[in-house]
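S.K.: Turn this into a model:
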Amino acid sequence: MSRLAAIGAIAAGGAAVSAIAGIAVARYAVLGRRRPMRAVFRADTGTVALPRMDATVQPRTFGLQLGRRLFRVQEIVRVDASTVERRVEHCDLHGPAEVYFVGDVFGRESPIARSAIAHTGEMEGISFVHWDVVPDDASERDVWLVHVHGMGAAPSSTLRSVESVREAGYPSTIVSLEASADIDNRGRGMAPEHLHRVLAAIDHAIQQGATRVVMVGWSYGARLVLDAADRRPDVAGVVLISPMFDLLHVLRLVATRQRLPKPLIAAAAAVLSTPVVCRLAGIDRPIGDGLDLASAPRTLIFHSRGDTTVPIEITRSAVAAFGDVDLVEFLPTPHTLEWNRDPELFGREIREWLCRLDDGGVEYGAR
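M.R.: Below is the predicted model of the structure:
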């Protein structure tokens, strides 16, 4: 082999390695990674011992996922140098277990999940599944809310926002991005059919009598909500929680904070933004530029100052581009855990915003 050929082979090999590494980073950005933690349950005291870390010692409620069971973790009982002990609602386990930390606190067995009525169908050849949660006293039946979960989350994770508005009599529809009949089935990656399923839920709400539809999007779901609102004038307002406006921007920022090499970050961004190649990262189409936020309807945003997945600086910068927006900043807490950090503040702000929207609301088809 000539020297030139050898140099070419080395360069090609280096490019291949860079591409493979870029795909790995891109897949991590799209699919995420869940790590279990060790927990020790005590049924006699109704508590669980967890490793001491930021996620487990902050004053919030959260869930522990064990197989198909969900345990709701409550106040702190004791903290030492390495362990935190907290109350667990309906704790009937005793001994160690490998669990996953989740924002969900309701789950399939909760009364609100059991009250959800499933609907299935097709829209333009794409199947959909969503669930209705309608209060007994639906005093605001003409206003429906459509809730959209994020990547790596289950439709049941949106029960937090559903519960917040149900107290005020608003009916809700929960979208399953994967069209799964299991409300606890977690989403994976991004796909073009996700938007169709969100649009189908808007149609369903209107068929149920909604004259105004308000969309609620969590993380990646916020991006879908804004896409849907851009296509449908019947969306009177949107509520965005830890919104992911631009995945490429988030990828670059987070990867830089984690001190990944710049060539690796560039390779991952290239994978996500290139047709066909993007499929290797788990998405069916490339990720384009950010949205035209100036055309968004009236908007309420919840975001924590401690979000390291989608830093709040991105949201603060985006706010200026909206036409009509309210931003509520929460005390530091991880991504999409604003409700968990302060459910009273979350519920109060969304209900008051809905009342203001009602006072000066936009009728169906007017925007």
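
S.K.: And the host helix or strand of Leu354, what does it pack against?
M.R.: In this assignment (DSSP states H and E), Leu354 forms part of helix 343-359. Using 3 or more C-beta pairs under 8 Å, 6 or more residues apart in numbering; DSSP states H and E, the elements in contact with helix 343-359 are helix 159-166, strand 212-218, strand 235-241, strand 298-304, strand 325-330. Every C-beta, even on glycine, is put in place using the N, C-alpha and C of the backbone.

S.K.: Each with direction, which strands does the shortest one pair with?
M.R.: For strand 325-330, the paired strands and their directions (DSSP bridges) are strand 298-304 (parallel).

S.K.: need the next SSE after the partner strand, C-terminal direction.
M.R.: helix 312-319.

S.K.: could the helices and strands packed on helix 343-359 go into a markdown table alongside mean neighbour count?
M.R.: Listed next are the helices and strands packed on helix 343-359 as a markdown table, based on neighbours: other C-beta atoms under 10 Å:
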| stretch | mean neighbour count |
| --- | --- |
| helix 159-166 | 24 |
| strand 212-218 | 28 |
| strand 235-241 | 26 |
| strand 298-304 | 24 |
| strand 325-330 | 17 |
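
S.K.: Read off the pLDDT value for the residue nearest to Asp292 when sequence neighbours are not counted.
M.R.: Spatially, and ignoring its direct neighbours in sequence, Asp292 is nearest to Asp230 (7.3 Å; C-beta to C-beta, 6 or more residues apart in numbering). Per-residue pLDDT puts Asp230 at 90.

S.K.: if we can go back for a sec, tell me the buried residues in the helix holding Leu354?
M.R.: Residues 343, 346-347, 349-350, 353-354, 357 are the ones in helix 343-359 that count as buried (16 or more other C-beta atoms under 10 Å).

S.K.: List of residues touching it?
M.R.: With contact meaning C-beta atoms under 8 Å, 6 or more residues apart in numbering, helix 343-359 is reached by 61, 140, 143, 160-161, 163-165, 167-168, 170, 212, 214, 236-237, 239, 298, 300, 302, 326, 328, 330, 338-339.

S.K.: and with 10 Å instead?
M.R.: Applying C-beta atoms under 10 Å, 6 or more residues apart in numbering, the external contacts of helix 343-359 come out as 60-61, 105, 140, 142-143, 145, 160-161, 163-170, 212, 214, 216, 236-237, 239, 241, 297-300, 302, 326, 328, 330-331, 338-340, 342, 361.

S.K.: now that helix, how far from the centre of its chain.
M.R.: 20 Å (C-alpha atoms, centre = their mean, to the nearest Å).

S.K.: cool, and stretch 338-355?
M.R.: Mean C-alpha position of stretch 338-355 versus that of the full chain (C-alpha atoms, centre = their mean) differs by 16 Å.

S.K.: any weak-confidence spans in the stretch 151-300 of the chain?
M.R.: Low-confidence segments of the stretch 151-300 of the chain, defined by pLDDT under 70: 189, 254, 257-258, 281-285, 288-291.
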